[in-house]
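Asks: Fold the following for me, if possible:
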Amino acid sequence: MREQISVTGMVLMAAPVGEYDRRLVILTRGRGKITAFARGVRRPGNQLMAAAAPFVFGKFLLYEGRDAYTLAGAEVENYFREIAGDMEAACYGSYFLELADYYGRENIDATETLRLLYQSLRALLKPSVPNRLVKPVYELKLMEINGEYRELPLGRLNDSTLYAWQYVLAAPVESLYTFTLTDQVLGEFVRCVEQNKERFIDKTFHSLDILNAVMDNAT
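Replies: Next up, the predicted model:
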């Protein structure tokens with residue numbers, strides 16, 4: 001009989017497979033980004049249905065196979081249901097998951113990325129922190145974790161913009177979302193992070209296109 005393993009992680013993606021199964025992409029602490037199949041979870045009344053969904057964070061019990069894992073159980077710590085119920089937060093959150101998926105690698109420890117992702121999703125639920133600020137902070141910190149960033153942004157900038165940049169690079173994840181910026185400084189900060197992304201990331205994110213479309217319609 002195969003031995004069960006327990007991993008702590010978050011579901012980044014859940015896609016239907018066949019009539020009753022789901023294919024999950026889970027970002028885990030010790031094993032990095034893994035693929036797991038949740039057999040039969042789409043059957044009515046299946047106890048694992050709620051756990052086999054994006055944003056779910058907790059401990060996952062798995063059987064290890066040759067090319068993928070099989071989900072055997074879950075101890076969910078947070079479903080982030082409030083995000084799913086808020087269109088704007090759901091768009092931001094989906095982009096955060098997709099960007100974490102982009103950087104995730106199998107067998108590469110993802111502890112820092114998981115902590116960042118968890119705290120950033122929580123920040124989306126805080127009225128005191130604008131989502132427009134959460135996004136560039138998350139992007140810059142994730143790029144810093146993966147070694148793809150400039151020590152200082154380019155150009156002549158407001159001192160507050162430079163301070164915000166240096167603070168995000170240096171601060172522990174738990175202290176990231178403890179400041180706000182004026183509209184002018186936030187605009188500069190966003191532009192600097194976009195320039196950093198253009199230099200290091202060569203990919204189009206479908207969830208970001210949706211987010212931009214939703215925000216354009218809201219203005």
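Asks: Report all helices and strands that the regular element (helix or strand) spanning Y163 contacts.
Replies: Using DSSP states H and E, Y163 maps to helix 159-170. Packing partners of helix 159-170 (3 or more C-beta pairs under 8 Å, 6 or more residues apart in numbering; DSSP states H and E): helix 131-145, helix 183-200. Yep, even glycine has a C-beta here, placed from its N, CA and C like the rest.
Asks: quick one, the lowest-mean-pLDDT helix or strand in the chain and helix 131-145 angle?
Replies: Least confident helix or strand of the chain, by mean pLDDT, DSSP states H and E, is helix 206-218 with a mean of 87. Angle, helix 206-218 to helix 131-145, by axes from the mean of the first three to the mean of the last three C-alpha atoms, to 10 degrees: 160 degrees.
Asks: and helix 206-218 with helix 183-200, angle?
Replies: Going by the same axes, to 10 degrees, helix 206-218 makes 150 degrees with helix 183-200.
Asks: Could you report the neighbour count for G155?
Replies: Using other C-beta atoms under 10 Å, G155 has 10 neighbouring residues.
Asks: How about the backbone phi and psi for it?
Replies: The phi and psi values for G155, taken as degrees, to the nearest 10, are phi 90, psi 170.
Asks: Tell me who's in contact with it.
Replies: Residues in contact with G155 (C-beta atoms under 8 Å, 6 or more residues apart in numbering) are C192.
Asks: The closest residue to N131 other than its chain neighbours is in what secondary structure piece?
Replies: Leaving out its chain neighbours, the residue that sits closest to N131 by C-beta to C-beta, 6 or more residues apart in numbering is Y92, at 5.3 Å. Using DSSP H and E, Y92 maps to helix 87-103.
Asks: got the contact list for stretch 111-129?
Replies: With C-beta under 8 Å, 6+ apart, stretch 111-129 has contacts from 8-10, 27-29, 55, 57, 78, 80, 82-83, 86, 89, 92-93, 96-97, 100, 103-104, 131, 134, 137-138, 141-142, 145, 173-174, 176-177, 180.
Asks: Report the angle between the following helix or strand past the helix holding Y92 and helix 131-145.
Replies: Scanning forward in sequence from helix 87-103 by DSSP H and E, the next helix or strand is helix 111-124. Angle between the axes of helix 111-124 and helix 131-145 is 180 degrees (criterion: the same axes, to 10 degrees).
Asks: Name the spans of this structure whose pLDDT lies under the cut-off.
Replies: 1, 219 (pLDDT under 70).
Asks: Good, wrapping up.
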